[in-house]
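Q: I'll drop the sequence and a predicted model, then ask my questions.
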There are 2 protein chains.
Amino acid sequence: MSGRRRYVILADGEFADRSAKTAHGVIAYGNDDVVAVIDATHAGKRVRDVVPTLNSDAPIVAGFDAALPLAPTALLVGVAPPGGALPRAWRETIAAALEAGLEVVSGLHQILGEDAQFAQAAARGGGTIRDVRLPPEVPLFSGEAYGVEARVVLLVGTDCAVGKMTAALELTRSALIHGENARFVATGQTGIMIAGSGIAIDRVIADFATGAAERLVVEHAPGADVLFVEGQGGINNPAYAPVTLALLFGAAPDALVLVHRPTRTAVDGLNTPLLSYRTAIRTYEALCAGVKPALVAGIALNTAGLDDATAREEIERARIETGLPADDVVRFGPDELYAAMAPAFARKRAPLAQPALRR
Amino acid sequence: MSGRRRYVILADGEFADRSAKTAHGVIAYGNDDVVAVIDATHAGKRVRDVVPTLNSDAPIVAGFDAALPLAPTALLVGVAPPGGALPRAWRETIAAALEAGLEVVSGLHQILGEDAQFAQAAARGGGTIRDVRLPPEVPLFSGEAYGVEARVVLLVGTDCAVGKMTAALELTRSALIHGENARFVATGQTGIMIAGSGIAIDRVIADFATGAAERLVVEHAPGADVLFVEGQGGINNPAYAPVTLALLFGAAPDALVLVHRPTRTAVDGLNTPLLSYRTAIRTYEALCAGVKPALVAGIALNTAGLDDATAREEIERARIETGLPADDVVRFGPDELYAAMAPAFARKRAPLAQPALRR
């Protein structure tokens, strides 16, 4: 990566939808500039008009050609569809960007760098491809993460796509303000695009997923006081729970923060009811208790879509049902929740250890 | 696969060790013939002399050349080391087998089919490579496994390498004798070599691991009364627990069988104590309770290395501590334990379903 990118973000037909969460995350938290978003269904508007929570006036354009005068240096594939395959209709835009000499940044499972058509376009135009989801080779979990001095806080959720990455970013920001040398650790494609480093744990071969999470903690810990590790999935979301567990054991957290979106009642895409606060907390804590004990320090609610009064009711309900601090770190800022949880983040915990063998 | 193979098994220096569990499993339960085992440290002996539990008189030889007169048709890489890399010293033997026109069957993470030296040797000699751990492309978990009519029994363990595959094979055998159309479903490399089909779940990209487990159940269920699904890892073994969970949710079991090896007290390779029977049962059942309820029907103990009296004591302790049927299905045969658990295997269970939305 050479300097700050000037991104055009590809989210055609989807910029207003949850599937564009990669686009939204990079606009909200990224360090690169966003010069335009491609979505023909909203062409002529600005980012803020379509997604009011995003603080950006970047124009929305109908196609790649309309973005070229804005001198973009990179094209970001701005969606994260389940399964991670590239929408067919987007191939042409990606090829055009490569022919125009841009860097194409993608977080899809489908590896663009392995595509013959894209390789040819890149060769012709001088463009490059960065597949952020492609993981490095990592060793098996070894327990090395147990030895880091930094305290590790892992965000866990009642489901996928409820706001774990956002909560981790906001809490990192607040911890920095409070004088802690805090670092955000990215474990998914959008987080990696924002942080500029990380590993997409869901793309790692299952046997090595815990090892990948451990590697991230070991590499980010030196010099840090506290790491906020982005969580993935949810412990009763069958599709993604193995990734959730890889982080729970591989990151070896000292404390957990539970993220919940009150408007979500069933597991994403399935008919499985979400766990209650108490069952979710008990489940995460019970799993940690068998390896390295860690408790839930508080609840980060994502009350997007609710009015202020209802949001406050939901936050109050979370406090009453769990006895823990609770807040929406986006709607009301992260500082109050951070301060309430800080004592729980102060303690470094040890893994369980086997006493002398009994036989 | 064309007919019955005549295997020479490569386990040089390791045939007596646990790391040769692939070799042992294929000798004990496979449908192919084993004409020789390569292990220079035991050359001149027979299989049974080195591993008394194996019912085979196949000779142990010092190297590949000594096995050639026995007309092998295939070389089996007989080890499953942590991390799955090929021992360097074995490259020559594998190349020699390929040059001699043999099929090389490997369950390593390291894909032999991608190795240039082996490709050249195969091209020269007419040999072929079968990497059983290389998974097919599978979709994300969809819930399709919830719809199969066959009852699904999943073997779960207090750790990896305690005998889950063996218990599944023995219980399948007993169920067949009891008149059930029972099928063993392989989820790891040795199981696949034995069954001739399956997917090594630990080699699947983490996001798709649950989907791979689901695929196996969906494909093996038609026409079967009951599936015995090989388990992997253990729920508090950090390295392998994500794979354990992928099976727990992806196979969508109706009942569980817990496998434990009393001589194991700490998680394999780590200092983490094993969970007690009760904690292990509670943990597995609690995870299932949030997705599709399933209870542990009984305990399969692996008492290898204990004398008969101690084995009986351990079985009795398991019964007393859990209130469940318990036995060693190898030492004492599977029929008594199968019969005791059969009522628990008779019931098909439904996944949790979300009631009508409340908001």
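A: Perfect, thanks for sending it.

Q: what about the stretch 1-150 of chain A, any weak spots by pLDDT?
A: For the stretch 1-150 of chain A, the stretches with pLDDT under 70 are A:1-2.

Q: mind listing the helices for chain A?
A: Per DSSP state H, chain A carries helices over the ranges A:21-29, A:47-50, A:64-67, A:91-99, A:116-125, A:164-177, A:189-195, A:206-220, A:241-250, A:277-289, A:308-322, A:335-345.

Q: which parts of the second one are buried?
A: The reference is to helix A:47-50. A:47, A:50 (16 or more other Cβ atoms under 10 Å in any protein chain shown). In short, each C-beta sits where N, CA and C put it, glycine included.

Q: do the fifth one as well
A: Across helix A:116-125, burial judged by 16+ other Cβ under 10 Å covers A:118, A:121, A:122, A:125.

Q: before we move on, the earlier item: among the helices of chain A, which is the most enclosed?
A: helix A:241-250 (a mean of 31; mean count of other Cβ atoms under 10 Å in any protein chain shown).

Q: I'd like the mean pLDDT over that helix, please.
A: Helix A:241-250 carries an average pLDDT of 98.

Q: just checking, what packs against that helix?
A: strand A:151-157, helix A:206-220, helix A:277-289, helix B:206-220, helix B:241-250 (3 or more Cβ pairs under 8 Å, 6 or more residues apart in numbering or on different chains; DSSP states H and E).

Q: just the angle for the fourth one relative to helix A:241-250, thanks.
A: To tie it back to what came earlier, the one meant is helix B:206-220. Using axes from the mean of the first three to the mean of the last three Cα atoms, to 10 degrees, the direction of helix B:206-220 lies 130 degrees away from that of helix A:241-250.

Q: are helix B:206-220 and chain A in contact anywhere?
A: Yes. Helix B:206-220 lies within reach of chain A by Cβ under 8 Å from any Cβ of the partner chain, at B:206, B:207, B:209, B:210, B:211.

Q: which residue does the stretch 1-150 of chain A have closest to chain B?
A: residue A:141 (4.2 Å; Cβ to the nearest Cβ).

Q: from memory that residue sits against residue A:214, does it?
A: Yes. Assessed by Cβ atoms under 8 Å, residue A:141 is found in contact with residue A:214 at 5.3 Å.

Q: ok, the closest residue to residue A:55 other than its chain neighbours - contacts?
A: With Cβ to Cβ, 6 or more residues apart in numbering or on different chains as the criterion, residue A:55 has its nearest non-adjacent residue at 7.1 Å, and that residue is residue A:48. Listed by Cβ atoms under 8 Å, 6 or more residues apart in numbering or on different chains, the contact set of residue A:48 reads A:54, A:55, A:56, A:57.

Q: how about residue A:43?
A: A:60, A:61, A:62, A:66.

Q: and the first one, what are its bridge partners?
A: Put plainly, it is residue A:60. Under DSSP bridges, the beta-bridge partners of residue A:60 are residue A:37.

Q: isn't it right next to residue A:51, touching?
A: No. Using Cβ under 8 Å as the test, residue A:60 is too far from residue A:51 to be in contact (10.1 Å).

Q: any residues in contact with both of those two?
A: With Cβ under 8 Å, 6+ apart, residue A:60 and residue A:51 have common neighbours residue A:15.

Q: more neighbours, the two?
A: residue A:60 (23 against 18; other Cβ atoms under 10 Å in any protein chain shown).

Q: contact partners for the more buried one?
A: Per Cβ under 8 Å, 6+ apart, neighbours of residue A:60: A:15, A:36-39, A:42-47, A:49-50.

Q: surely residue A:149 touches residue A:227?
A: No. The criterion here is Cβ under 8 Å, and residue A:149 misses it with residue A:227 at 10.8 Å.

Q: when these two are compared, which one has more neighbours?
A: Taking other Cβ under 10 Å, residue A:149 and residue A:227 do not tie; residue A:227 has more neighbours (26 against 10).

Q: what bridges to that one?
A: residue A:152, residue A:183.

Q: pretty sure it contacts residue A:220?
A: Yes. Using Cβ under 8 Å, residue A:227 is in contact with residue A:220, at 5.5 Å.

Q: which neighbours do the two share?
A: In contact with both residue A:227 and residue A:220: A:150, A:183, A:185, using Cβ under 8 Å, 6+ apart.

Q: need the overlap of contacts for residue A:141 and residue A:214.
A: residue A:250.

Q: for the nearest residue to residue A:197 once chain neighbours are set aside, grab the count of nearby residues.
A: Nearest residue to residue A:197, sequence neighbours excluded (Cβ to Cβ, 6+ apart): residue A:186, at 6.7 Å. Using other Cβ under 10 Å, residue A:186 has 25 other residues around it.

Q: near chain B, which residues of the stretch 251-359 of chain A are found?
A: Residues of the stretch 251-359 of chain A lying near chain B (Cβ under 8 Å from any Cβ): A:252, A:263, A:265-266, A:270-273, A:275, A:279, A:282-283, A:286-287, A:290-291, A:351-355, A:357-359.

Q: the residue of the stretch 1-150 of chain A closest to chain B: what's it in contact with?
A: Residues counted as contacts of residue A:141 (Cβ under 8 Å, 6+ apart) are A:210, A:211, A:213, A:214, A:249, A:250, B:238, B:239.

Q: now those residues in TSV, with distance to residue A:81?
A: Formatted as TSV, the contacts of residue A:141 follow (distance: Cβ to Cβ, whole Å):
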residue	distance to residue A:81
A:210	26
A:211	27
A:213	24
A:214	29
A:249	28
A:250	26
B:238	30
B:239	30
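
Q: wait, which of those is closest to residue A:11?
A: Distance to residue A:11 across the contacts of residue A:141 (Cβ to Cβ) is lowest for residue A:213, with 28.9 Å.

Q: just confirm the residue nearest to residue A:197 contacts residue A:213, I think it does.
A: No. If you go by Cβ under 8 Å, residue A:186 and residue A:213 don't touch, sitting 11.5 Å apart.

Q: need the residues touching each of those two.
A: residue A:199.

Q: where's the closest residue to residue A:232 other than its chain neighbours relative to residue B:54, distance?
A: Leaving aside its sequence neighbours, residue A:232 sits nearest to residue A:243 (Cβ to Cβ, 6+ apart; 4.5 Å). In this view, residue A:243 and residue B:54 are 38 Å apart by Cβ to Cβ, to the nearest Å.

Q: cool, residue A:198 as well?
A: In terms of Cβ to Cβ, residue A:198 sits 47 Å off from residue B:54.

Q: of these two, give the one with the bigger neighbour count.
A: Neighbour totals were compared for residue A:198 and residue B:54, and residue A:198 leads with 25 against 20 (other Cβ under 10 Å).

Q: ok, the more buried one - contacts?
A: A:185, A:186, A:187, A:188, A:191, A:192, A:216, A:230.

Q: what pLDDT does it get?
A: 97.

Q: point out the residues in the stretch 51-200 of chain A that sit beside chain B.
A: Near chain B, when you scan the stretch 51-200 of chain A using Cβ under 8 Å from any Cβ, you find A:82, A:83, A:84, A:109, A:139, A:140, A:141, A:143.

Q: just the buried subset of those, please.
A: A:82, A:84, A:109, A:140, A:141, A:143.

Q: got a pLDDT number for residue A:218?
A: pLDDT at residue A:218 comes out at 98.

Q: tell me how far it lies from chain B.
A: 14 Å (Cβ to the nearest Cβ, to the nearest Å).
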